[in-house]
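In: I'll drop the sequence and a predicted model, then ask my questions.
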Amino acid sequence: MLKKHAPWVVTMLVVLALLSPTALAKLEQISPQSMAQQICDAIEAGQVEVLADERTRFVKASLPRDQELIYPPVQEFWDAALKGSS
């Protein structure tokens, strides 16, 4: 299971631009193409996460044990759900 961590993707910014054009200028933007490429690269490299922007990498760096503490129960839930659906 690959976890994606990213800022607003450009396609989602259209709504924000309509609601608050000044807020749009303050957000870091990432293109859908960039996000897709980063996801493909992470899958090929066997990574479990994609940290798509500087802010995300900063937040991740402040949570050094999150995979160890959070993801195992999520994986167990996912595995149990898959077993129940077969």
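Out: Ah, there it is.
In: low-confidence ranges in this protein?
Out: Applying pLDDT under 70 to the chain flags residues 1-28, 86.
In: how about the helices in it?
Out: Assigned by DSSP state H, the chain shows helices spanning 13-19, 21-26, 32-44, 54-61, 66-84.
In: any chance of the ones you listed in a markdown table with mean neighbour count as columns?
Out: For every residue, glycine as well, the C-beta is placed using N, CA and C. Shown next, in a markdown table, are these (neighbours: other Cβ atoms under 10 Å):
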| stretch | mean neighbour count |
| --- | --- |
| helix 13-19 | 12 |
| helix 21-26 | 10 |
| helix 32-44 | 13 |
| helix 54-61 | 12 |
| helix 66-84 | 11 |
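In: just the C-alphas of stretch 44-55, formatted as CSV.
Out: Taking C-alpha atoms only, stretch 44-55 is exported to CSV below (Å, rounded to 0.1, in the frame of the first residue of the first chain):
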residue,chain,number,x,y,z
GLU,A,44,9.4,1.4,-8.9
ALA,A,45,11.7,2.1,-6.0
GLY,A,46,9.6,0.1,-3.5
GLN,A,47,8.9,3.1,-1.3
VAL,A,48,5.8,3.1,0.9
GLU,A,49,5.3,6.9,0.7
VAL,A,50,5.4,9.8,-1.6
LEU,A,51,6.4,13.1,-0.1
ALA,A,52,5.6,15.4,-2.9
ASP,A,53,6.6,18.9,-1.7
GLU,A,54,8.8,20.7,0.7
ARG,A,55,6.1,21.3,3.3
